[in-house]
Every structure is written in C-alpha cells, then in structure tokens.
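S.K.: how does the following fold in three dimensions:
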Amino acid sequence: MTKAEVVKKIKEEKLIVIVRGVAEDKLLPLCEALYAGGVRLVEVTFDMKGQVTPADTARYISALSKAFEGRMVIGAGTVVTSEQAKAALAGGARYLISPNTDKEIIDFASAHNLVSIPGAMTPTEIVTAYNFGADFVKLFPSDSLGLGYIKAVRAPLSNIPMLAVGGVNENNITDFLNIGISGVGVGSNIVKRDLIEKGDFEGITALAKEYTSKIK
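M.R.: Purely as a prediction, here's the structure:
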C-alpha cells in the first residue's frame with residue numbers, strides 16, 4: 001500500500017483504534033474483533049515504561065500486518081525516538097503517530113514513505129508540524145482542548161488535516177467530525193481491558209460497531 005493510499009484510507013475510514021498494553025496472545029483475537037466491528041486502522045503503541053521493548057512492539061506490528069494484509073492497515077503509536085521509528089518501519093508499520101512534534105521523526109517517515117502523524121496543541125505547534133511535512137496533525141489531548149477550541153483553531157487552519165485524539169467517545173465522535181476533523185483516534189473506550197481479560201471479544205466488536213456506524 002502506497003503512502004497516498006494510506007492517507008486516503010485514513011480520510012475515508014476516519015477511525016484509528018489505539019491498542020496499548022495488550023498481551024501478545026490477545027492481539028490477534030482483539031484485532032479480529034475490531035475488524036468484525038468495521039475497524040480498518042489499528043495503531044500499536046510503543047511502551048514508554050520499558051516493560052515491552054521496541055523490538056517486541058515491532059514484532060507485534062509485523063504479526064498483525066501479515067495476519068491482516070489487505071484487510072487492515074497497521075501503524076505505530078507513541079513514536080518518540082529514532083529507535084522506535086526504525087523498529088516501526090522494520091515491523092511493517094504504514095504510519096507513525098506521536099504525542100509530540102519531532103522533525104527527525106517526521107523526516108524519517110517522509111524518507112521511508114510512511115504517513116506522519118505528530119501531535120500538537122497550539123496553532124504554532126500545528127503549523128510547525130505541518131510545515132515540517134506531517135500528513136495529519138494529531139490534536140492531543142482533544143478532550144482537554146475542547147470542541148470550541150478545536151473549532152476556533154480550525155477556522156484559520158482549515159487547510160491542515162487534523163485528527164482528534166484523547167477523550168473521543170461514542171457520544172461526541174460526530175461532534176468532532178462535524179467541525180472538520182479528518183478523523184479520530186480511540187483507545188480504551190473501545191479496547192476495554194476488562195472485556196479482553198474476560199475473553200469477551202464479541203463485546204469489543206459491539207463497541208467498534210457503535211463508532212463505525214456513527215461515522216458511516
């Protein structure tokens with residue numbers, strides 16, 4: 001899949017599900033459940049606590065990329081170091097998502113035809129990230145910023161594709177999309193740890209359907 005195709009996919013699907021801290025043996029059934037719920041984009045995050053190595057995360061991304069080839073597009077999240085960016089590339093990630101804006105990470109993504117999605121909060125940060133070459137700018141944390149803030153920022157910066165991440169749920173997802181956001185990232189509101197621990201993957205599918213049905 002080319003970079004342009006991944007950008008198009010994100011704009012069409014509008015939902016990236018964030019998978020953070022899920023045990024390796026639960027990843028495949030979790031993603032099957034998400035796929036059954038209509039999810040086509042999954043972000044596997046790097047572990048900043050050091051309990052899971054970048055090499056392990058790359059292995060997870062690789063396993064999912066192969067298992068869901070042609071069905072889902074897998075990316076890497078919380079990419080804040082060059083080591084993580086290289087591991088994500090080695091694992092087959094098609095997009096790199098960060099909580100911050102780092103020109104080195106954006107340049108790396110560009111050099112390897114990966115979609116770059118750095119995080120930003122202020123107008124200056126948003127424009128800086130875009131001028132560095134970001135394909136989308138992740139507004140984070142969206143719930144703290146609020147819909148009013150994001151709408152106001154988007155007015156003069158409507159040329160910049162933005163994703164809302166943080167606090168997006170089934171009740172406000174359409175509010176974010178209605179103010180011109182290109183898409184959203186959703187983590188624990190869909191990937192509920194208690195459902196995974198119980199093996200209730202049908203529950204995960206049901207949650208995913210709530211979001212994808214509202215987008216469609």
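S.K.: where does the prediction get shaky in this structure?
M.R.: Scanning the chain for pLDDT under 70 picks out nothing.
S.K.: now the helices for it?
M.R.: Secondary structure of the chain by DSSP state H: the helices cover 3-13, 24-36, 54-67, 82-91, 103-111, 123-132, 142-145, 147-154, 173-178, 193-198, 201-215.
S.K.: any idea how far the residue lying closest to residue 179 once chain neighbours are set aside is from residue 57?
M.R.: Nearest residue to residue 179, sequence neighbours excluded (Cβ to Cβ, 6 or more residues apart in numbering): residue 151, at 4.5 Å. Heads up, the C-betas are built off the backbone N, CA and C, glycines and all. Distance, residue 151 to residue 57, by Cβ to Cβ, to the nearest Å: 35 Å.
S.K.: show me what contacts residue 82?
M.R.: When contacts are counted by Cβ atoms under 8 Å, 6 or more residues apart in numbering, residue 82 touches 104-105, 108.
S.K.: ignore what I typed, I meant residue 175.
M.R.: Contacts for residue 175 (Cβ under 8 Å, 6+ apart) come out as residue 147.
S.K.: and it, how far is that from residue 186?
M.R.: Counting by Cβ to Cβ, the gap from residue 175 to residue 186 is 14 Å.
S.K.: for residue 39, same thing?
M.R.: In this view, residue 39 and residue 186 are 9 Å apart by Cβ to Cβ.
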